[in-house]
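Engineer: quick one, what's the 3D model for this:
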Amino acid sequence: MRELTNYQSILQEKSEVAEGYFCKYPDLAIDEVKRYRDINNTKVKSTLPEIMVYGIFSAGKSSIINELIGDDKARVSEIPETDKITYYDWQGYKLADTPGVDAPIEHEEITKEHLKKADIVLFVMSNAGGYERETNYSRMKDIADAGKKIIIVLNDKTGDLGKHDDTLQLIKQKIDANMRKTGIANIDDRFHIEIVNADRARKGRITNKTALVEMSNINGLKNIILTELKKTSSFDVLRRSIVQMEECLEKFAEEVKAQESSELLVKMNQVLENFGIQKRNIRQQVNTFIDRKTDLLAPEMAEAIWSNRENQDNINKVVGEKLAKLNQSVEEHIQQLIEEATETLDMELKSFVEVKIETSSVDADSLKNILANLEQLNSSLTGEASVNKDLLTDTGDFDMKEIMVTPAVAEMVGSLLVGSGKSVVSSLAKTSIGKAFAGTTIGKMLGSATSSVMPMPPIPGPIPPIVIIEILRKIIKFLGDNDDNKRLEEEARQRNEAARQRLEMEKQARQEINQKCLYWVDNLADELKSAANQAIKETLNTYEEPFRKELENRREQGAERMNDVAALRSLCNEYHQLLVELGGN
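Structural biologist: Next comes the predicted model:
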């Protein structure tokens, strides 16, 4: 399961790092620094995505809150106690516990007013009763009319989850029917019903039994909340703010770089900057590719599951094949993009060694160190030395006079990424990709012989032919009106009602599979993007290391400016990674 990320905390940490550099260079990019601070203080810090928790008295509202935050902070009581809004921090999100449906009218007014602030609403109901009351659905309609997404949390108080799922499915069917009866439009788009056993989740948490927590489906609820939050205006604000703050940092880094007089240090930083640009470009292309593939996967999975609904083994086989195909296509796409990027990076490395420096300068020592580290890197990856023997002195060191001529050295450095070196990059990328993807849901499923796809909602058996009552009545009238005929008519009516319920149940089961596939695939897409980013970073960071190592070495010698620029570029890259996590690109 993807972890709920505390974006507020992460953004605060990054702003503190940026402030350190702003204070170090107070006279540079003054307007951009002011803009950065304004965005951080007025938009980022004030944007806390909010989940409003509402529902029926004694349905388990407080218990659900406790299991979401993982602590017994909300008081669980058998009498209504909430007469005000109580906030709970949930990894940088706000959970707002509000007066329930049964609260006094003045308390409900507090809830209605607060509804305007909420991003999404959790409406807690229980399978132990209360789901038939008309008042509940009137409140749901008010929330839907306010434009809010509602996640109906059906708290399983009787322990039916996983044991009597058909009973729970009937309750979900009644909830769905009651919503339609109330006149709520676009139910499938505006509502989602998720069953959770809060007591089971608490027992698993207290006893540290992860199997119980999983069986409670509290993690499934968390995934759905995160998916829905990414569609809200609060996340739009955060995404726009991150893009703008990254732009400010880029301009600030440029001004810091402009103060540097050493051509070699500028060139070293340029190499790192271009590596960063390549990582960002690859990441964007991979994310677009993953989004396109997973958008197609959700309906395909739903159709495959429905078509094979009577055979779980067939479902596992068909869906497993689709996931394996997706996994392979994403891995191959990343590898192809990394290999294509090596052409650009080859030109960058060749350009780097053409810098003109004094042979007895500190820069000459830096160049020598970088080339030696690049050679060591290449040797460790290929098992072969790639330095032209004519470039070495009798002691085995680089001959700096020859290095100043540069064509042979440029060719040597360039060979790290193209020609035979390209296969090294390919092999390195493949290793990084394989390692990163092994930890994803797909990787774990493909690595297990016993893994299965998501649990299926109960699906009714074959639907019997419907008996047409009017025709039956004519037959009964012809035969005469007696008790046997009345019994026959009643049996027909019951059969028709059972058939109608089965049809409705089948329709709801299919809708539920469609929804579950959408949420499941959204989670999967996030995992794939995270794994892809890890693989891209590991592969290209390998070739950045000689430059970063030497910049750090020069920082210790007193040349800090370019090391700071590299750190600022790295911070910009981290902002972009965070943007992707928030659903941007």
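
Engineer: not counting sequence-adjacent ones, nearest residue to residue 230?
Structural biologist: Among residues not flanking residue 230 along the chain, residue 583 sits closest, at 4.1 Å (CB to CB, 6 or more residues apart in numbering). (Glycine included, C-beta is placed from N, CA and C.)

Engineer: let me redo that: residue 344
Structural biologist: That would be residue 278: by CB to CB, 6+ apart, it lies 6.4 Å from residue 344.

Engineer: residue 339 is in contact with the one you found, correct?
Structural biologist: No: using CB atoms under 8 Å, residue 278 is not in contact with residue 339; the gap is 11.6 Å.

Engineer: neighbour count: those two, which is higher?
Structural biologist: Using other CB atoms under 10 Å, the more surrounded residue of residue 278 and residue 339 is residue 278, with 20 against 16.

Engineer: which elements pack onto the helix or strand harbouring the more buried one?
Structural biologist: Element membership for residue 278 (DSSP states H and E) is helix 263-307. Helices and strands touching helix 263-307, by 3 or more CB pairs under 8 Å, 6 or more residues apart in numbering; DSSP states H and E, are helix 312-352, helix 362-382, helix 483-556, helix 561-581.

Engineer: may I see the ones you listed arranged in TSV, with distance to residue 92 as well?
Structural biologist: Formatted as TSV, the helices and strands packed on helix 263-307 follow (distance: least, CB to CB, whole Å):
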stretch	distance to residue 92
helix 312-352	29
helix 362-382	39
helix 483-556	17
helix 561-581	12
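
Engineer: quickly compare the ones you listed and say which is most buried.
Structural biologist: Mean neighbour counts were taken over the helices and strands packed on helix 263-307 using mean count of other CB atoms under 10 Å, and the top value, a mean of 20, falls to helix 561-581.

Engineer: where in the stretch 301-450 of the chain is pLDDT low?
Structural biologist: By pLDDT under 70, the low-scoring segments of the stretch 301-450 of the chain are 353-361, 378, 381-426, 446-450.

Engineer: at the geometric centre of the chain, which residue sits there?
Structural biologist: Geometric centre of the chain, nearest residue: residue 526, 3.6 Å, by CA atoms, centre = their mean.

Engineer: quick check: the residue nearest to residue 230 touching residue 242?
Structural biologist: No: using CB under 8 Å, residue 583 makes no contact with residue 242, being 11.1 Å away.

Engineer: settle it for me: which of these two has more neighbours?
Structural biologist: Using other CB under 10 Å as the criterion, residue 583 and residue 242 rank with residue 242 on top: 24 against 21.

Engineer: now do the more buried one against residue 585, distance only.
Structural biologist: 12 Å (CB to CB, to the nearest Å).

Engineer: quickly list what's touching both of these two.
Structural biologist: Counting by CB atoms under 8 Å, 6 or more residues apart in numbering, the common neighbours of residue 242 and residue 585 are residue 579.

Engineer: quick one: pLDDT of the residue nearest to the centre of the chain?
Structural biologist: Residue 526 is assigned a predicted lDDT (pLDDT) of 88.

Engineer: ok, the one 4 residues further on next?
Structural biologist: According to the prediction, residue 530 has pLDDT 87.

Engineer: residues in contact with the closest residue in space to it that isn't next to it in sequence?
Structural biologist: Nearest residue to residue 530, sequence neighbours excluded (CB to CB, 6+ apart): residue 581, at 7.6 Å. Listed by CB under 8 Å, 6+ apart, the contact partners of residue 581 are 5, 7, 526, 529-530.

Engineer: show me which of those is closest to residue 193.
Structural biologist: Within these, distances to residue 193 taken as CB to CB reach their minimum at residue 526, with 22.8 Å.

Engineer: that closest one and residue 24: what is the separation?
Structural biologist: 36 Å.

Engineer: same check on residue 350?
Structural biologist: Counting by CB to CB, the gap from residue 350 to residue 24 is 33 Å.

Engineer: same deal with residue 4?
Structural biologist: Separation of residue 4 from residue 24 (CB to CB) stands at 34 Å.

Engineer: more neighbours: which of these two?
Structural biologist: residue 4 (16 against 12).

Engineer: ok, and the helix or strand in this structure with the lowest average confidence?
Structural biologist: In the chain, the helix or strand scored least confidently by mean pLDDT, DSSP states H and E is helix 400-405, which has a mean of 45.

Engineer: what sits against the residue nearest to residue 344?
Structural biologist: When contacts are counted by CB under 8 Å, 6+ apart, residue 278 touches 341, 344-345, 540.

Engineer: identify, from these, the entry nearest to residue 556.
Structural biologist: Nearest to residue 556 among those, with distances taken as CB to CB, is residue 540, at 24.9 Å.

Engineer: and that closest one, what does it touch?
Structural biologist: Shown in contact with residue 540 (CB under 8 Å, 6+ apart): 275, 278-279, 338, 341, 345.

Engineer: if we go to 10 Å?
Structural biologist: Residues near residue 540 by CB atoms under 10 Å, 6 or more residues apart in numbering: 275-276, 278-279, 282, 338, 341-342, 345, 425, 428-429, 432.

Engineer: same question, residue 46
Structural biologist: Residue 46 is in contact with residue 237, counting by CB under 10 Å, 6+ apart.

Engineer: from residue 518, how far out is it?
Structural biologist: Distance of residue 46 to residue 518, given as CB to CB: 31 Å.

Engineer: so after the helix or strand harbouring residue 176, what's the next helix or strand?
Structural biologist: Residue 176 is part of helix 165-182 when elements are defined by DSSP H and E. Using DSSP H and E, the next helix or strand after helix 165-182 towards the C-terminus is helix 187-190.
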